[in-house]
Structures are given as C-alpha cells and as structure tokens.
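Engineer: I'd like to go over a predicted model; first the sequence, then the structure.
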Amino acid sequence: MTRLLILSFSNLSTDARLLRQIDAFAATHEVITAGWGPAPAGSSRHIVLPQPPTGTTRRARMLVESALLRLRAYRLIHETSPLHRAARRTLRGVHADIVLANDIDAAPLAYDLVPARRVHVDLHEYFPGLHDDNPAWARLRGPYNAWLVRRYAAPAGSTTTVAPEIAERYSSLGLSPGVVTNASRHRDLPVRAVSRPIRLVHSGVALQGRHLETMIDAVAMSSADIVLTLHLMPNDAAYIDRLRARASEIGPRVRILPPVPQVELVDTLAGHDVGIHILPATSTNHRLALPNKFFDFIQARLGVIVGPTAAMAGATERYGFGAVADGFSVEDVVKVLDALTAAEVAEWKVNADRASLDLSSERQIEGWTAAIERLQA
C-alpha cells in the first residue's frame with residue numbers, strides 16, 4: 001500500500017478536517033499521521049510533533065521574528081524557527097511515498113521527505129489575509145505569509161483550499177487549488193418540527209474579533225418568539241465572562257453553554273431550529289469564510305441565518321435553507337429575526353434536508369482522493 005503521511009501542526013484527534021482526511025485514505029493507504037495530541041482513529045502510526053515554545057522562550061522568539069520581519073529576512077525567519085527545527089528532528093528517518101501537508105506552516109517539512117511532485121498542500125485559509133484587519137500584522141506578516149505560500153505551496157504537486165473564493169485569491173500567488181469544503185459527513189437525521197419559541201443556536205470559538213455580542217443583542221432587541229443558545233470554546237475566558245454577563249441581563253432568552261465534543265455536535269445542534277453565524281467582514285478571511293459550523297447546521301437539518309459573507313450567503317440563497325442579513329450590524333440581524341415565522345423555518349429545514357447529501361463530506365473528499373491518485377500516478 002502507498003504510504004501517506006498526513007502532517008499538521010494541530011491536534012489531529014480533535015481537528016474535524018484532518019479526521020476527514022484520515023478517514024478518506026485509511027482503507028486504501030498506509031496512513032501515518034504527524035501532529036499534536038494523541039493518535040487519531042485510522043492512523044497506522046502516529047508521530048507526536050513538538051509544540052510551540054511558551055513563556056520566556058516564546059516572547060524571545062517573537063522579538064527575534066519581529067526584527068527579521070522588518071528586515072524582510074523571510075528565509076532566515078523560517079530557517080531559525082524553533083518549531084520547524086524540532087519538527088525536522090522528530091521526522092528524521094520517517095519514510096513516506098506522498099505527504100499531505102495541512103496549512104502553510106506544515107508545508108516546508110514535506111519537501112524534506114519527498115519530492116515536490118509528491119506533496120499535496122491543503123490550505124485551510126487565505127494566509128496573506130489571515131489577520132489583515134490589524135494594520136501592523138498586514139504590514140509585516142501579510143507579505144511574509146504571501147512569501148511562504150509562493151515558496152512552499154506553489155511548487156507542490158497539487159493544492160486544495162476550503163472555498164472557491166479563497167481558491168480564486170490564491171491564483172495571484174501562482175496556485176490553482178482545488179476546493180474541498182469543510183463539509184460534515186452525511187447524517188441520516190429526521191426533519192424535526194419547529195419549536196415554540198423558535199430555537200436559535202451558534203457553536204464555535206469565543207474570540208472578540210467574531211463580535212458574538214451582535215447575535216446576543218439582536219435576540220434581546222427582537223420582538224420574535226425566539227431563544228438563543230451559544231456553545232463556545234474557551235478561547236478567551238475574559239471575553240466569555242463579558243458575554244455571560246450580557247446574557248444574564250437579557251434573561252432566559254440567551255444561554256451560553258460549554259462546547260460540545262465534535263462527535264456529539266450535530267446531534268446536539270439537531271435539537272434546535274436555526275443555526276446563526278454573523279461573522280463581521282473585518283478581515284479578508286472573514287469575508288471569504290465558509291466554516292465547519294455552516295455545514296454542521298445543514299447536517300443537523302436546521303435553517304440558517306448568516307450575514308452577507310459571499311460563500312455562506314451564496315449557498316444559503318442557492319439551496320433556499322435560510323436568510324441572509326443585509327449587513328453585520330445588530331439592526332440588520334434584528335430585521336431578519338423579526339420576520340421569522342414557524343412556517344418559513346419549517347421550509348428551511350426541509351430544504352436543508354434536501355441539500356444535506358450534496359453538501360456532505362462524502363461528496364467533497366473526492367477532491368482529495370483524486371489529487372492523491374494523480375500524485376501516485
């Protein structure tokens with residue numbers, strides 16, 4: 001069997017996209033994984049990569065990188081990276097026929113192991129626009145990330161990314177990526193009756209840049225018979241505390257609960273009626289986003305409410321399973337919520353069911369399997 005190394009600086013056992021990759025190849029390849037955390041299911045051998053430095057070491061490295069970024073000494077930044085140096089030592093002696101590198105930070109390691117024609121790079125985001133809402137980041141990190149893409153993704157035998165809009169952006173950097181969305185695996189779930197009150201749900205990371213308070217404030221201001229539950233990752237404890245305080249002022253219409261394990265997420269979401277994700281267009285990546293949660297909502301047979309984010313809005317309107325707000329403000333969201341009716345939500349849920357197979361990972365992973373087959377050939 002062809003030996004495939006799936007490589008990522010992430011915890012593979014909890015990374016939904018990585019787990020889908022492993023599942024796609026476990027039956028046809030000898031799958032070796034390298035990343036953080038315990039061995040994921042489906043891996044024949046797991047290599048634990050070192051984690052990034054912390055404390056004083058991390059602060060010192062950030063100062064060094066800051067100076068090198070200002071000098072545009074990009075090659076030196078990469079060559080002196082403690083994370084990459086440690087990973088290279090760990091991977092010494094590992095043999096693979098093909099390497100599937102996840103994200104641009106893992107891509108350089110692939111070329112130490114196999115020729116470029118046997119490397120597939122899966123880019124989860126548009127890296128030159130990752131945090132370009134921050135002027136300092138855009139000035140220093142943006143050009144560096146573009147250099148990384150040109151140097152370590154463009155030479156690969158093949159590439160993929162998560163949305164057509166992101167693939168189009170990458171063409172200016174010499175790439176022609178295929179598209180494999182963050183679709184969830186298909187679930188054979190029933191279309192449930194709409195609750196009274198209508199139950200809205202959001203799940204994901206708790207970062208200030210996501211402006212989650214917009215959804216909370218919109219529910220508070222809406223005259224509709226609705227309730228909102230947020231399952232939030234503990235990314236920023238202080239921010240979650242502020243959100244909890246805000247929710248407590250509103251009363252039982254808003255609940256903030258702990259995150260749900262990935263294996264339980266779709267079943268948990270299915271107990272609601274509408275998934276809501278209002279992602280402000282503060283950065284390039286926010287404007288191009290097509291995240292996991294969007295597909296989880298569909299597999300849970302929920303209606304969807306999103307902001308005018310191109311990829312999410314396009315799919316929502318094309319399949320008819322939700323509504324798109326005119327903008328990202330509280331007032332824009334209130335306008336959508338006030339117009340909600342049980343009959344309309346019931347229609348959205350039926351349309352989500354009809355779209356569930358088309359928007360499933362079973363359809364999407366063909367983009368990876370076809371790419372790896374070409375590299376084998």
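Structural biologist: It's in. Here the structure is a predicted model, which means the values were calculated and not measured.

Engineer: Now Gly320: closest residue in space that isn't a chain neighbour?
Structural biologist: Asn351 (4.6 Å; CB to CB, 6 or more residues apart in numbering). C-beta: built from backbone N, CA, C; applies to glycine.

Engineer: helix or strand for the one you found, which one?
Structural biologist: Per DSSP states H and E: Asn351 is located in helix 342-355.

Engineer: and that helix, what does it pack onto?
Structural biologist: Packing contacts for helix 342-355, counted by 3 or more CB pairs under 8 Å, 6 or more residues apart in numbering; DSSP states H and E, involve helix 292-299, strand 303-306, helix 310-319.

Engineer: one more time with 10 Å, if that's ok
Structural biologist: Under the contact definition 3 or more CB pairs under 10 Å, 6 or more residues apart in numbering; DSSP states H and E, helix 342-355 sits against strand 198-204, strand 274-277, helix 292-299, strand 303-306, helix 310-319, strand 322-324.

Engineer: Asn11 is nearest to which of the ones you listed?
Structural biologist: Checking the helices and strands packed on helix 342-355 against Asn11 by CB to CB gives helix 292-299 as the closest, at 14.9 Å.

Engineer: Quick one: mean pLDDT over the closest one.
Structural biologist: The average pLDDT within helix 292-299 is 96.

Engineer: thinking again about what came up before, report the angle between the helix holding Asn351 and helix 292-299.
Structural biologist: Angle, helix 342-355 to helix 292-299, by axes from the mean of the first three to the mean of the last three CA atoms, to 10 degrees: 100 degrees.

Engineer: Okay, angle between helix 342-355 and helix 310-319 too, please.
Structural biologist: Helix 342-355 and helix 310-319 meet at an angle of 100 degrees, taking the same axes, to 10 degrees as the criterion.

Engineer: In CSV, could you pull the C-alpha coordinates for helix 342-355?
Structural biologist: The C-alpha coordinates for helix 342-355 follow below in CSV (Å, rounded to 0.1, in the frame of the first residue of the first chain):
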residue,chain,number,x,y,z
ALA,A,342,-42.5,28.9,12.1
ALA,A,343,-43.8,28.1,8.6
GLU,A,344,-40.7,29.7,7.0
VAL,A,345,-38.3,27.9,9.3
ALA,A,346,-40.1,24.6,8.6
GLU,A,347,-39.5,25.2,4.9
TRP,A,348,-35.8,26.0,5.5
LYS,A,349,-35.4,22.7,7.4
VAL,A,350,-36.9,20.7,4.6
ASN,A,351,-34.5,22.4,2.1
ALA,A,352,-31.5,21.7,4.4
ASP,A,353,-32.5,18.1,4.3
ARG,A,354,-32.6,18.1,0.5
ALA,A,355,-29.2,19.7,0.4
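
Engineer: secondary structure class for the residue lying closest to Arg17 once chain neighbours are set aside?
Structural biologist: In space, and not counting its chain neighbours, Arg17 is closest to Asn182: 5.9 Å by CB to CB, 6+ apart. Under the three-state scheme (DSSP: H, G, I helix; E, B strand; the rest coil), Asn182 adopts coil.
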